[in-house]
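>>> please find the sequence and the predicted model below.
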Amino acid sequence: MTNSNPFLNLNYETALENLGHDYYDPVTAAEFPRHLLRFRNDQLLPLLNLTPSEVTDEHFIEAFGKFQAIRPFLALRYHGYQFGSYNPYLGDGRGFIYGQVRGNDGRLYDFGTKGSGQTPYSRTADGRLTLKGGVREVLASEALHQLGVRTSRCLSLIETGESLWREDEPSPTRASVLIRMSHSHIRFGTFERLNYLQRPDLAKKLLDHVIYYYYPHLENETEKYAYFYQELVQRVAELAAQWMVAGFCHGVLNTDNMSITGESFDYGPYAFIPTYSPRFTAAYFDYSGLYSYGNQPRICRWNLEKLQAPLAMVMSVKDLEKGLEKFEPHYQQQYQQLMLEKLGFVSLSPETGTQLVEETVNLLYETQVPYHRFFAELANWFSPSWQQKSNIILENAEFVEQLQARETLWESWQQCYQQALKECSEQELEAVASRLKAKNPKTALLRPVIESVWEPISLENEWDPFYALLEEIQS
Ligand SMILES: Nc1ncnc2c1ncn2[C@@H]1O[C@H](COP(=O)(O)OP(=O)(O)OP(=O)(O)O)[C@@H](O)[C@H]1O
Ligand SMILES: [Mg+2]
């Protein structure tokens, strides 16, 4: 029998399945009372060689709400360090891998579920995702993608008609099931579990799998394990820099939320920072501020260091230690480059570049002007005439008094920005203007913005503000 649903006709690969039963448990999906498609990510369909107009809402619902499928569902086994303590009682407790598909970029993608029902790893929890949690994850991944952060994306969000009880939301609260697309759902914690079980054989098999599928250019290197760790360190350092520049605080950087491909995922209690403040904390349960905005690079490094124990079952400790030494320089290099791009520049003299980033961060910290607005205003008001005169730079910005109040800092920053512009040709000035616009969206996904679209959903089932916000952050 042929099925006309394009999602059921994709060419599913069996990379994870072929790893064998030591890494997952086959599970079934919950049956939901209702299936209301609240979000479909048409931007992702071309990557799957699908044409949006040929994919109906019903196709999404059949595959990702009613869970018609052609491959078994695999709940992955993993452990992890959570707030510094090792937790062996983890694993996919409300999700599974629905399938794996190769995108037309040649890379392998997972369809991972969230909120699809209980598994052997749910323990006492319900295996569900709140609708608000789903809405927040959709918004975060789209906004981060737009800001150039390497992130998972959401393919669909379906409201399921169930009621849930949660401590962090007014309850009963509505439920949803989400499909996430990312390169891999293999986490640092997937390796940590194998160390806990003392299974070097399984760790080696998993590492070979990771390199084969996600680091294929290293496959034939004699030192492939050392190169893999070096590249992972680099990817994670870059990711940390991408978060910092985006003004994003992930909130729960446990090792079970760190992907082996160095992608950002799992958007729970995250927040974008209102103002530049290293101590800003996103999760209400993060009492010590361990996963604060400013700690993120340090925590990423710590997580990479913890990963050395399981990897040491397969490769030399010396190679691991050497690999991690590069974290700091990679991070600094990437942060510097991305901050300069956010300020409009790609090629400044090193002295000007370093000084500009330093002064910008200091200015944002000392004045506490809104982080995202500062850059959006820069994009909005930019004028080539700023090259001639420093005191007109941002003179019409909405928070200019707040900047002027710190006269010395402010004037010094204006001069520094002017100096950077002086290093640009006329043509480059045009590029600065368009770069500023491209890197700094008008709308930032601050908490009040999210709440402002959630409120109509929760009070009146009114979804238009959510779609309008999505359109703003996706364009
Ligand atoms: N409602 C729930 N029911 C069952 N298990 C849950 C639930 N919420 C969280 N868990 C489990 O608790 C652990 C930590 O959860 P965490 O919030 O980091 O991940 P998650 O949001 O469920 O999923 P992911 O990391 O894939 O985005 C995981 O093992 C997760 O499966
Ligand atoms: Mg998680």
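Everything's here; your move. Ligands and ions are numbered 1, 2, ... in the order given.

>>> tell me how many other residues crowd the residue of the chain found nearest ligand 2.
Using Cβ to the ion, D266 is the residue of the chain that sits closest to ligand 2, at 4.0 Å. Placement of C-beta: from N, CA and C, glycine included. Taking other Cβ atoms under 10 Å as the criterion, the count of residues near D266 is 23.

>>> near ligand 1, which residues of the chain are found?
90-95, 114, 121-122, 125-128, 252, 256-257, 266, 268 (Cβ under 6 Å from any ligand atom).

>>> let's see that with 8 Å instead.
Residues of the chain found near ligand 1 (Cβ under 8 Å from any ligand atom) are 78, 80, 82, 89-95, 112, 114-115, 118-119, 121-123, 125-129, 133, 137, 180, 185, 187, 252, 254, 256-257, 265-268.

>>> on that earlier part again, could I get the contacting residues of the residue of the chain closest to ligand 2?
Listed by Cβ atoms under 8 Å, 6 or more residues apart in numbering, the contact partners of D266 are 252, 257.

>>> how close does the residue of the stretch 151-300 of the chain found nearest ligand 1 get to N254?
Closest residue of the stretch 151-300 of the chain to ligand 1, Cβ to the nearest ligand atom: D266 (3.3 Å). As for D266, its distance to N254 is 9 Å (criterion: Cβ to Cβ, to the nearest Å).

>>> now T51
39 Å.

>>> also D42?
32 Å.

>>> cool, and Q118?
21 Å.

>>> check Y212 too.
27 Å.

>>> what of L436?
L436 is 36 Å from N254, by Cβ to Cβ.

>>> ditto for G134
G134 is 20 Å from N254, by Cβ to Cβ.

>>> Q337 too?
Q337 is 28 Å from N254, by Cβ to Cβ.

>>> same deal with L74?
21 Å.

>>> and the contacts of stretch 179-187?
44, 64, 76, 78, 80, 92, 97-98, 107-114, 137, 141, 151-157, 206, 210, 213-214, 255-261, 263, 265.

>>> can you get me a residue count around the closest residue to ligand 1 within the chain?
For the chain and ligand 1, the shortest gap (Cβ to the nearest ligand atom) falls at G93, measuring 2.6 Å. G93 has 18 neighbouring residues, counting by other Cβ under 10 Å.

>>> low-confidence stretches in the stretch 101-250 of the chain?
Within the stretch 101-250 of the chain, no stretch falls below the threshold (pLDDT under 70).

>>> strands along that one, start to end?
Taking DSSP state E, counting those that start in this stretch as the test, the strands found in the stretch 101-250 of the chain are 108-114, 129-130, 153-164, 173-182, 248-249.

>>> paired strands for the last one, with orientation please.
Strand 248-249 has the following sheet partners, assigned by DSSP bridges: strand 271-272 (antiparallel).

>>> tell me which other helices or strands the next helix or strand after the strand it pairs with touches.
Tracing the chain C-terminally past strand 271-272 and defining elements by DSSP states H and E, one meets helix 296-306 next. Helices and strands touching helix 296-306, by 3 or more Cβ pairs under 8 Å, 6 or more residues apart in numbering; DSSP states H and E, are helix 188-196, helix 224-246, helix 317-324, helix 327-342.

>>> now do helix 296-306 against helix 327-342, angle only.
150 degrees (axes from the mean of the first three to the mean of the last three Cα atoms, to 10 degrees).

>>> Y291: how many residues sit nearby?
21.

>>> give the contact list for it.
Per Cβ under 8 Å, 6+ apart, neighbours of Y291: 83, 249-253, 281-283, 299.

>>> buried residues, stretch 252-262. List them.
252-262 (16 or more other Cβ atoms under 10 Å).

>>> again but with stretch 92-109, I slipped
So stretch 92-109, judged by 16+ other Cβ under 10 Å, has buried residues 92-102, 108-109.

>>> could you tell me the end-to-end distance of it?
18 Å (Cα to Cα, to the nearest Å).

>>> close to ligand 2, is it?
No - judged by Cβ under 5 Å from the ion, stretch 92-109 stays clear of ligand 2, getting no closer than 8.8 Å.

>>> correct me, but K114 touches R136?
No - look at K114 against R136 with Cβ atoms under 8 Å: they stay out of range, at 11.6 Å.

>>> the more surrounded of these two?
A direct count of neighbours by other Cβ under 10 Å for K114 and R136 places K114 higher, at 24 against 20.

>>> residues contacting the more buried one?
94-95, 129, 134, 137, 177-180 are the contacts of K114 under Cβ under 8 Å, 6+ apart.

>>> and it, bridged to which residues?
With DSSP bridges as the rule, K114 is bridged to L178.

>>> how does this structure divide up, domain by domain?
For the chain, automatic domain parsing gives the domain ranges 6-188, 219-335, 343-439.

>>> quick one, which of these is nearest to W454?
domain 6-188 (5.9 Å; Cβ to Cβ).

>>> straight-line length of the closest one, end to end?
Termini of domain 6-188 sit 33 Å apart (Cα to Cα).

>>> hmm, back to that, and the pLDDT at the residue of the chain closest to ligand 2?
Note for D266: predicted pLDDT of 98.

>>> then S475?
Reported pLDDT for S475: 79.

>>> how about the host helix or strand of E401 as CSV, C-alpha atoms only?
With elements taken from DSSP H and E, the one containing E401 is helix 400-404. Taking Å, rounded to 0.1, in the frame of the first residue of the first chain, the C-alpha atoms of helix 400-404 are listed here in CSV:
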residue,chain,number,x,y,z
VAL,A,400,20.6,58.4,24.4
GLU,A,401,20.2,60.3,27.7
GLN,A,402,21.2,57.1,29.5
LEU,A,403,24.4,57.0,27.5
GLN,A,404,25.1,60.7,27.8
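
>>> now it: average pLDDT?
So the average pLDDT for helix 400-404 ends up being 97.

>>> spell out which residues of this structure are next to ligand 2.
257, 266.

>>> how many residues are close by the closest residue to R77 other than its chain neighbours?
Once flanking residues are discounted, R77 sits nearest to G91: 4.9 Å by Cβ to Cβ, 6 or more residues apart in numbering. G91 is flanked by 23 other residues according to other Cβ under 10 Å.

>>> what comes up buried for the host helix or strand of L469?
Per DSSP H and E: L469 is located in helix 464-474. Buried residues in helix 464-474, counting neighbours by 16+ other Cβ under 10 Å, are found at 466, 469-470, 473.

>>> closest to Q415 out of those?
Nearest to Q415 among these, with distances taken as Cβ to Cβ, is I473, at 33.8 Å.

>>> in space, what's closest to that closest one - neighbours in sequence excluded?
A143 (4.7 Å).

>>> and the one you found, how far from G134?
For A143 relative to G134 (Cβ to Cβ), the value is 15 Å.

>>> run through the residues that contact the closest residue to E305 other than its chain neighbours.
Excluding its sequence neighbours, the residue lying closest to E305 (Cβ to Cβ, 6+ apart) is L324, at 6.1 Å. Contact partners of L324, counting by Cβ under 8 Å, 6+ apart, are 229, 233, 301, 304-305, 308.

>>> fine, thanks again, bye for now.
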